[in-house]
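> let me see the structure of the following:
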Amino acid sequence: MERFIALYQALEQTQSQTHKLRALQEYFQTADPHEAAWVVELLRGKHAKRFVSPQKLRLWLSAYLNLPLEIIEESYRHVGDLSETIALLLPNRQNPTGNLPPLPWLAEVELPQAARFPEDKQREWLYGYWQKLSFWEAFLFHKLLLGAMRVGVAQGLVIRALAEAFSLPEAHVAQRLTANWTPSPHFFLHLQAHAQQESLEPYPFFLAYPIEELGPDFQIKTADLSEYLIEWKWDGVRVQLVRRGSGAALWSRGGVCLTESFPEVISYFSSLPSGTVLDGELLIMKEDIVQPFSALQTRLMRKRLSSSLLKRLPATIFVYDLLEWEGRDLRSLPLTERRQLLEEIAKMYPFIQVSPLLPCSDWTELEVHRNHPPQGAEGLMLKKKDSPYLVGRRRGYWWKYKRRPFTVDAVLVYAQRGHGRRSGWYTDLTFALWDENAQLVTFAKAYSGLTDAEMQELTRWIRLHKIETIGPIVRVPPFWVFEIGFEGIQASNRHKCGYAVRFPRILRWRRDKKPEEADTLQALRRYAQLQFVEEGMNE
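This is a model prediction of the structure:
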């Protein structure tokens, strides 16, 4: 455990990517394989099981330190991170380390066991640790206890460190980490082994950048559209279909195996020859019409599938890339060559539906396509014709260009502190619209869209003007208006406003508007009606 604590300190105390890379390399080369597997899991943010509730921890800490709960709560609000708050308040933070069991034992055995203790025994167990833990031990122990382990390390840096530590290609490491796995010595040793051709593991996904990130002159920077293949950006689930040996598997971009949830897809793609990997979009199709994402959501992660559900919501893949054919890795080939071979294979296997390309001679035509996509699409993809299939996001190759979002001007009403680097700022914001009775009704939360400077400014204002504290959430007076964008909308009984919106984010801070000038719920109704009409027209 001391090795992990030392690594965490090294990563937290530097902003240098070179120093972080060196610390990770040195750790992975010498660490115990079981602990190293758990460290990879934690650095990737994949272990989020909570064993004790934050509320219990604050109550028990108040009793243990004989301090009023108000002091604990105020300390927590000031620090913004409960694990750090506890570590700072415990009186023995100068203790030497060496008080924690090995990380795998703690994560796999002791914490799950303690979670099943009766409350009095659980509290007694926790008090035993509080009597001896040093600051860093207490900090990391409670991070594990709360399932809130976040470190300022990008997944790409972890992949690079592992690759360089064991002289492996980055793509090989990324591919291993994409699949479902559990932290174990076997996995860490498997991570270092040569790839096996019969494995059903997917390749790491190649991702696109939003074209708006090019800035106001993005049309100039991508002026020659003849350099790109242009296709619809389908609103489904990005998947890879892997066919090797005698099996086939379906993987989401997040590394979730969807094989059991979509047996009909596996059934007809299993006739492909071994050594085939396709990249595409998983969609629900009825009568040759792509259905809205909500239809696909009904089937995601279901393992019990009735015949009526399969008939009512049949799934398929719109394929747009060929990564492997007859066991040959094609990712280094230009996109046009991969696409040409894919289209030839689709003639041999008619069940393969290749995502169609769109002819666009100029930006005027492109904008028309962008803002009038067919049902099931949310914009366009622009892919450089000569692009290889890389790992992660690589600027300059693939761009996503979603249609203009629905927008409303909404009033900020609640705020909550963020996590990690932003734990001192109010970044989790709740917005409301006016109803027919001139009352504000919450409709969405948004976490992104403001610059660091804007978030710092807003945080200072919230601290000065908050009018009520409800646990970690503060209520603020209706003063600021923000333009909120979202991709889709549907009726929902679970939301107070009557609608659920998809991908809400802050587009801009409307300092020019007063709260009474914000939009009403009628705006959501109009958008819902418009979306319904558009979907009907596309049918």
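> check which helix or strand Leu433 maps to.
Following DSSP states H and E, the helix or strand that holds Leu433 is strand 426-434.
> quick check: beta-bridge partners of Glu415?
Let me fix one detail, which is that residue 415 is Ala and not Glu. Partner residues in beta bridges with Ala415: Leu429, Val474, with DSSP bridges as the criterion.
> and the pLDDT for it?
pLDDT, Ala415: 93.
> hang on, it packs against Thr430?
Yes - between Ala415 and Thr430 there is a contact under Cβ atoms under 8 Å: 7.2 Å. For the C-beta atoms, the positions are set from N, CA and C on the backbone; glycine is no exception.
> identify the contacts common to these two.
Shared contacts of Ala415 and Thr430, defined by Cβ atoms under 8 Å, 6 or more residues apart in numbering, comprise Ile473.
> CA atoms of the strand holding Leu433 as PDB?
Coordinates of the C-alpha atoms in strand 426-434 are reproduced here as PDB (Å, rounded to 0.1, in the frame of the first residue of the first chain):
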ATOM      1  CA  TYR A 426     -19.500  25.400  -7.900                       C
ATOM      2  CA  THR A 427     -19.600  23.700 -11.300                       C
ATOM      3  CA  ASP A 428     -22.700  21.400 -11.000                       C
ATOM      4  CA  LEU A 429     -25.400  23.800 -11.800                       C
ATOM      5  CA  THR A 430     -29.200  23.400 -11.800                       C
ATOM      6  CA  PHE A 431     -31.400  25.600 -14.000                       C
ATOM      7  CA  ALA A 432     -35.100  26.500 -14.100                       C
ATOM      8  CA  LEU A 433     -37.800  27.900 -16.400                       C
ATOM      9  CA  TRP A 434     -40.900  29.900 -15.600                       C
END
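> pLDDT (mean, whole number) over it?
In this model, strand 426-434 has an average pLDDT of 92.
> that strand: how far from the chain's middle?
Here strand 426-434 shows a centroid-to-chain-centroid distance of 21 Å under the convention Cα atoms, centre = their mean, to the nearest Å.
> contacting residues around that strand?
408, 410-418, 440-447, 450, 455, 458-459, 462, 473-474, 478, 482, 484, 497, 504, 506, 518-521, 523-524.
> show me the domain layout of the chain.
Following the assignment in automatic domain parsing, the chain carries domains at 2-146, 206-402, 406-536.
> and of those, who's closest to Phe187?
Taking Cβ to Cβ as the criterion, domain 2-146 is the member of the domains of the chain that comes nearest to Phe187, at 5.1 Å.
> and the pLDDT at Thr178?
With respect to pLDDT, Thr178 scores 65.
> could you do Val533 as well?
In this prediction Val533 is given a pLDDT of 49.
> Thr442 should be in a strand, yeah?
Yes - with DSSP: H, G, I helix; E, B strand; the rest coil as the criterion, Thr442 is part of a strand.
> burial of it, as a residue count?
Other residues within reach of Thr442 by the criterion other Cβ atoms under 10 Å amount to 16.
> give the contact list for Leu440.
Leu440 sits next to 411, 413, 432-434, 478 when contact means Cβ under 8 Å, 6+ apart.
> now do the buried residues in stretch 51-69.
Of the residues in stretch 51-69, those scored as buried under the neighbour-count criterion (16 or more other Cβ atoms under 10 Å) are 51-52, 54, 57-58, 60-62, 64.
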